[in-house]
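Engineer: next come a sequence and a model predicted from it.
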Amino acid sequence: MSTRPLAIASISAERFPPSGGFAGEGVRRLMGAPSLTQLQTVVRESLQNSCDASTGAEPVRCQIRLRRLTPPQVDALRELLAELPADEVTRPQLQAVLGQDSPLVMEISDWGTSGLGGPTRADKAPPSGVASDFVNFIRNVGAARDTDQGGGTYGYGKTALYGMSACGTIIVDTLTTAEGAEERRLIGCHVGHTYDSDGVRYTGRHWWGQAAEDRLVEPLSGLDGSDFAGQLGLPARGVGETGTTVAILAPLLTHEDLTDAIGEIEEIILWFFWPKMVDLGQGASMEFLVGLGEDAARPVARPELHTPLDLLVDAFRKVRSGSGNEIRSKNPARRIGMFSARRGRRLPRRALVPPGTSIIPHTLSHIAVMRPVELVVRYYDGTPADHEGEEWGGVFICDSAHDVERAFADAEPPAHDDWMPENLPRGPAKTFVNVALRELKLIAAAGGEIPRAAAAAPGDVAPSLARVAERMGRLIPAIAPRPDRLSGRDVTPRPTAGRASAADPIFLELIERGDDLEALFLVELRNPTAQTVEFGAEAGLVIDGVLTREKRAPGGSVEVVGWSTLEGAVVGQGAHVPVDAGVTSEFRLRVTLPPGAAVGATIFAEVRP
Amino acid sequence: MSAIAYPWLRLNDLQQAPWRVSMAGGALHLLEDTIEGWDYAMDLRLERALTIDLAAAAETLRIASDDLMLSLVVTVGTGGARGDRARRVMWRGPPPADSSPATVAFDLDGSWLSRSLTLTTELVLGKQVQGSRLSPRLASSRLWRDVKSVNIEPSTTRFPMEATSFRTMFPDGSVSAPWHLEWSAADLDREFAAAVRLYLNRDMPDFVSRFTNGDPTDGRLVMGAVITQLCRGVVDSDAFELSMAQEQGETLGGVTAAWLQMAFPNHALSTIRTIAQSRPAAFESMLSSLAALGDDGE
C-alpha cells in the first residue's frame, strides 16, 4: 500500500447563495423527531440506501464495523482534515476528536451496489440515463434516489449520519462506474453551524478532498482515493466490487462497551431487516455482517434461529406464499395487503446486549408492517397471548399494486418509521392506509387473531397451489449457486478424521446400589492420535427432555461414578478416563440418579499435555 | 436406544409401523423425511400402527398385569428452527386390551403448520401403580418414546401465484378473466418472485381446479401466455438487455432474458425486437412453446 503524503487535500466551506440555502443546523433537523434512536435511524437509513442501490447482479452485502484508528490511520485522518472549519461550535469538537490517540469510527459498507456515481458537482446535469447518486448523497439535501418501489430514500435520511458523529463529520469512500470505467471517490463531509467570516455568511457545511479550480473540492479519485482509503483502514475494494463505505467519526453510542454496542447494532439489523435475510428459494436478497476492530466481521444471526423472529419469518413466508389473510377496503373495493400471524411457545432468547436494553420484546405480541420492498416500517404492539408461556407475531405487507404501494410510501415520514394517513390528502390513498391501520389495530388487540367478520367463511378454503406452482417454477431458469463471498465465514466442515472423539452415550440399564440408583451408559471412545487422550464425562439432569448442566435435585445430585470396560474392569474413577494412542473401544459409564430424576451425560476429549 | 437414563424401568422395543401420510384427501403413502408439494392450504392426514404386548410390558416393568394401564400419546410440534414453536397433543388413548395393533390417525390443519413437523409417539403410564422398586409409579411416567422429524418447507422454486376472487380483487375490469398477471416493466431489477404474481380467478372454480390439478392443456396455455406477455413487455424497454440473464439471473429482467435466449438462441436483442414487430405470430409461438418445460417428466 502506498503511503505517499496527501499534499492535495483541501477544504471547501459552503457559502449561502444570494437566493438562500440550507443552514447546517437545519440540515440536522430535517429528520424531524423520529420514534427511533439515533443509532436505529442511522442503521435503518444506511441499509435502506444499500438496498435501493442494489445492482441486482448479486445479493447486497452490508457490513457495519466499530473500530479504533491506529496511529498511522490517525495521521492519515489528520492529513485529510488538516484544515478545519472556522465554525466556532464544531471546530473544537473536531479538534478534540483529532487530538485523540485512537478515535472510534463506525463504518457502514456495502457491496453488490452501484456506488455513488454520476456528476460530482450539483450544478452539473448528469448524462442521459445516469443517476446523480454522488451529488444527491454528498451535496444535495432532500433529493431522493429514483427507485421504483424502493425502501424510500427521501434524501433526508443521510442527515442522521452527521447527527451520529460527535463532530458532525463522516468520510465517504465509494467505488462506482463513471463513463464506462470504475472510479474510486473519497471525500470528507461535515455539517456544522452557520457562521460569518470576513463579511461572508457560511452554511456550516464543509467538504474535504481534492482542490478544484473554484472553491468547491472534488473527491479524491483514482489512486489517490484508493490509497487514502487504505491508509484510513477502510475496506479494500477490488475490481468489480462497487459499493460505498461511510465512516462516522466519533459515533455517539449508547453502550460504552463496544461488544455491547455491536450487539445493539446486530439487534437493530435483525429487528428491522430480517425479511431481507429470509431465503424464499432463491437465496436471501441481502447479507449482513457486523464486526469489532479490523478482524473479519461475522454474519448476523439468521432470523430463523433468533427467537422470536422465527415466528415473524413463518408469518412472512405464509404471506409471501399467497396464503395470508387479505385486508380489503370496501370503497374503493381493493385489496390493500396481506396479513398472517403465527403463535407458539415462548422460547429462550439469545442475548446480544446487556439485560434490560434489548429492543426485541421479552414476549412477542407484535405485528411487523412493511411495503413490498420488505423493510420493516414499524411494529404495532398487541395483546399478549392468554398463556404467559406463549407468544405471537404477525406480518402485514401492503399490496404491490402501484397506487396502493404509493399510498403507503407517501404516508411515511422522512425517517420511514411509521404510516401516517394524516399526511395524505382525502381520497383512495388515505382510505387504503386508514383501513389497513384500523384492521391491524383490531387484530393486534385480539392477540393476532383475525376478527370473525373479516376471516374467511367456513368452507371458503383456498385451493392448494403448491404442485402447480412447483411445476411452473421449473420455467424459472435455475440460478447457479452463489459462491460464498462472506469474509470470515467458515463453510468447510472441519475434518474430524484424526481427532479424538466420542459417540453419544447410550443408556443401558439401571443398577441398584443399596438405597441408591445408578445408570449405566455405553460409550464408544475413539483415539486415532499418536498420544494418550484423556476423555471426560459431564452428567446432568434431563429437564423437559433436554440435558442440562444442572446437577442437584431434591434428595440427591447427579455424579459421574466411573468408567469400566465391557468386561467390568474399572479403568477410571470419577469423570475422567485415559485412552491410549490408536485405541478405539467401548466403555461403560456409571452415573448416579437422584430419586425421581432423569439424567444424561456428554463426553469430551482433552489432549494430555 | 436413548441417551437419557430414567429412574424407572422402561420398554425398549415396540412393534411399530412407520408413519403414513396423505395430502389433501389423497392416498396414504410412506412418510419420508420431507413432504414435497405441501403448502398452507394442504391439510395432512397421518396414520401409524403400534402393537403393544401388554403382558410382556407388565413383566418388563415388574408390574402386575391387572394393575398396568398404559396410554398412547402422539404430540405434533411445528415451526421453529431451534425447537418446536407450537405443539398439540393430537392423539391420546389406551392401546387395545387384547394387544392387537393400535392405529393412531389424525388430521392436521395445513394453516397451522410451518417449516417442519415433529411427530412424537409416547407410551406413558395411564395411572399411578405400585410395583417393584424400579417400576414406574406415577401416572404419565414415560415408558417409551419415538420421534420422527419431517421437513415441509419447499425445496424447489415456486412460481409466484395465488387464487383469489376477481369479483372483489378486480371489480372494475377483469371479473370474467380466468387469470391475471400482475407485474410492471419498470421492475426489471426486482427479484422475479417479488415482481410478478399470477392470480387465478376463484370465481371460476372449474378452471382453477383443472389448472391446479395439472391439466396439461390449461397449464401450457396459461404459462405460454405468461411467458409471452412478460417477454413482449420487457423487450421494448430501454433498460432491458439480454445480458441480464447472466448478470441479474434472479430478477424479472434476468428471467425474461433467459427465456428470450432459450426461444431465440444466438439472436441479438435488436433481431428479437424485429421479430416481435414484424412476425408477431412466430414470436409468440416460439416463446409459448417454452411452457412445455414445466411439464412433468421434462
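Structural biologist: Cool, the structure landed. None of these values were measured; they are calculated from a predicted model.
Engineer: okay, domains of chain B per the record?
Structural biologist: Per automatic domain parsing, the structural domains of chain B span B:15-151, B:161-294.
Engineer: how far away is the most centrally placed residue in chain B from A:E326?
Structural biologist: Nearest to the mean C-alpha position of chain B, by Cα atoms, centre = their mean, lies B:W38 at 1.6 Å. Computed as Cβ to Cβ, to the nearest Å, the B:W38 to A:E326 distance reads 22 Å. Just so you know, the C-beta spots here come from the backbone N, C-alpha and C atoms, and that holds for glycine as well.
Engineer: swap in A:R406?
Structural biologist: 19 Å.
Engineer: in chain A, which helix is the longest?
Structural biologist: Longest helix of chain A, by residue count under DSSP state H: helix A:428-445.
Engineer: looking at the domains of chain B, spot the one closest to A:V105.
Structural biologist: Judged by Cβ to Cβ, the one of these that comes nearest to A:V105 is domain B:161-294, at 31.7 Å.
Engineer: who does the helix or strand A:C62 falls within pair with, and is each partner parallel or antiparallel?
Structural biologist: Taking DSSP states H and E as the criterion, A:C62 maps to strand A:60-68. Within its sheet, strand A:60-68 is paired with strand A:104-111 (antiparallel), strand A:286-292 (parallel), according to DSSP bridges.
Engineer: which stretches of the chain have low pLDDT?
Structural biologist: In the absence of a named chain, this looks at chain A. Across chain A, the ranges flagged by pLDDT under 70 are A:1-8, A:22-34, A:142-157, A:451-461, A:478-497, A:607-609.
Engineer: my bad, the chain I had in mind was chain B
Structural biologist: B:1-2, B:294-298.
Engineer: beta partners of whatever residue of the stretch 101-250 of chain B ends up closest to chain A?
Structural biologist: Nearest to chain A, among the residues of the stretch 101-250 of chain B, is B:E162, at 2.9 Å (Cβ to the nearest Cβ). Counting by DSSP bridges, B:E162 forms beta bridges with B:Y199.
Engineer: and it, how far from A:A462?
Structural biologist: 8 Å.
Engineer: more crowded one of these two?
Structural biologist: Between B:E162 and A:A462, counting by other Cβ atoms under 10 Å in any protein chain shown, B:E162 is the more crowded of the two (22 against 18).
Engineer: tell me the contacts of that one?
Structural biologist: By Cβ atoms under 8 Å, 6 or more residues apart in numbering or on different chains, B:E162 lies in contact with A:321-323, A:462, A:465, B:197-200.
Engineer: list the buried ones in stretch A:299-319?
Structural biologist: A:299-304, A:306-319 (16 or more other Cβ atoms under 10 Å in any protein chain shown).
Engineer: and for stretch B:270-285?
Structural biologist: So stretch B:270-285, judged by 16+ other Cβ under 10 Å, has buried residues B:272, B:275-276, B:283-284.
Engineer: go on, stretch B:5-14?
Structural biologist: Result for stretch B:5-14 [16+ other Cβ under 10 Å]: buried residues B:5-11, B:14.
Engineer: ends of that stretch, what's the gap?
Structural biologist: 18 Å (Cα to Cα, to the nearest Å).
Engineer: where's that stretch relative to the chain centroid, distance-wise?
Structural biologist: 35 Å (Cα atoms, centre = their mean, to the nearest Å).
Engineer: run a quick neighbour tally on A:R552.
Structural biologist: 11.
Engineer: circling back: out of the contacts of B:E162, who's the most crowded?
Structural biologist: Neighbour max across the contacts of B:E162 (other Cβ under 10 Å) = A:L465, 27 neighbours.
Engineer: got a list of what that one touches?
Structural biologist: With Cβ under 8 Å, 6+ apart, A:L465 has these contacts: A:322, B:39, B:41, B:161-163, B:200, B:212.
Engineer: A:V74 now?
Structural biologist: A:V74 neighbours (Cβ under 8 Å, 6+ apart): A:98, A:100-103.
Engineer: now those as JSON lines including distance to chain B, neighbour count and secondary structure?
Structural biologist: Formatted as JSON lines, the contacts of A:V74 follow (distance: Cβ to the nearest Cβ, whole Å; neighbours: other Cβ atoms under 10 Å in any protein chain shown; DSSP: H, G, I helix; E, B strand; the rest coil):
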{"residue": "A:L98", "distance to chain B": "41", "neighbour count": "18", "secondary structure": "helix"}
{"residue": "A:Q100", "distance to chain B": "42", "neighbour count": "12", "secondary structure": "coil"}
{"residue": "A:D101", "distance to chain B": "43", "neighbour count": "9", "secondary structure": "coil"}
{"residue": "A:S102", "distance to chain B": "39", "neighbour count": "12", "secondary structure": "coil"}
{"residue": "A:P103", "distance to chain B": "38", "neighbour count": "19", "secondary structure": "coil"}
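Engineer: I'd guess B:T121 is in a helix, am I close?
Structural biologist: No: B:T121 is assigned strand when assessed by DSSP: H, G, I helix; E, B strand; the rest coil, not a helix.
Engineer: secondary structure element holding the nearest residue to it once chain neighbours are set aside?
Structural biologist: Once flanking residues are discounted, B:T121 sits nearest to B:D146: 4.6 Å by Cβ to Cβ, 6 or more residues apart in numbering or on different chains. Assigned by DSSP H and E, B:D146 belongs to strand B:142-151.
Engineer: contacts for that strand, please.
Structural biologist: B:2, B:6, B:10-12, B:14, B:16, B:19, B:31-35, B:57, B:61, B:70, B:115-125, B:136.
Engineer: please indicate which of those are buried?
Structural biologist: Buried, going by 16+ other Cβ under 10 Å: B:2, B:6, B:10-11, B:14, B:16, B:19, B:31, B:35, B:57, B:61, B:70, B:115-125, B:136, out of those.
Engineer: where exactly do the helices run in the stretch 201-350 of chain A?
Structural biologist: A:222-231, A:258-273, A:309-320 (DSSP state H, counting those that start in this stretch).
Engineer: where along the stretch 101-250 of chain B do the helices fall?
Structural biologist: B:166-169, B:192-195, B:205-212, B:216-235, B:244-247.
Engineer: A:T529 - how many residues pack around it?
Structural biologist: A:T529 has 16 nearby residues by other Cβ under 10 Å.
Engineer: B:D236 too?
Structural biologist: 11.
Engineer: again with A:K330
Structural biologist: Counted with other Cβ under 10 Å, A:K330 comes out at 9.
Engineer: that one and A:E439, how far apart?
Structural biologist: 12 Å.
Engineer: what does B:M161 give?
Structural biologist: Taking Cβ to Cβ, one finds B:M161 at 25 Å from A:E439.
Engineer: still on that earlier bit, could you work out the most separated pair of the contacts of A:L465?
Structural biologist: Across those (Cβ to Cβ), the longest gap, 13.8 Å, separates B:D39 and B:L200.
Engineer: helices of the stretch 451-600 of chain A, start to end?
Structural biologist: A:466-473.
Engineer: which parts of it are strands?
Structural biologist: Using DSSP state E, counting those that start in this stretch, the strands of the stretch 451-600 of chain A run over residues A:501-502, A:506-513, A:516-526, A:533-543, A:546-547, A:552-553, A:556-557, A:560-565, A:570-573, A:576-579, A:584-593, A:599-607.
Engineer: packing partners of the fifth one?
Structural biologist: Helices and strands touching strand A:546-547, as assessed by 3 or more Cβ pairs under 8 Å, 6 or more residues apart in numbering or on different chains; DSSP states H and E, comprise strand A:599-607.
Engineer: with the third one instead?
Structural biologist: The criterion is 3+ Cβ pairs under 8 Å, 6+ apart, and the helices and strands that strand A:516-526 contacts are strand A:501-502, strand A:506-513, strand A:584-593, strand A:599-607.
Engineer: what segments of the stretch 1-150 of chain B are strands?
Structural biologist: B:15-16, B:20-23, B:29-30, B:44-51, B:70-78, B:86-93, B:102-108, B:116-125, B:142-151.
Engineer: so which of the ones you listed is nearest A:H362?
Structural biologist: Taking the strands of the stretch 1-150 of chain B one by one with Cβ to Cβ, strand B:86-93 is closest: 19.1 Å.
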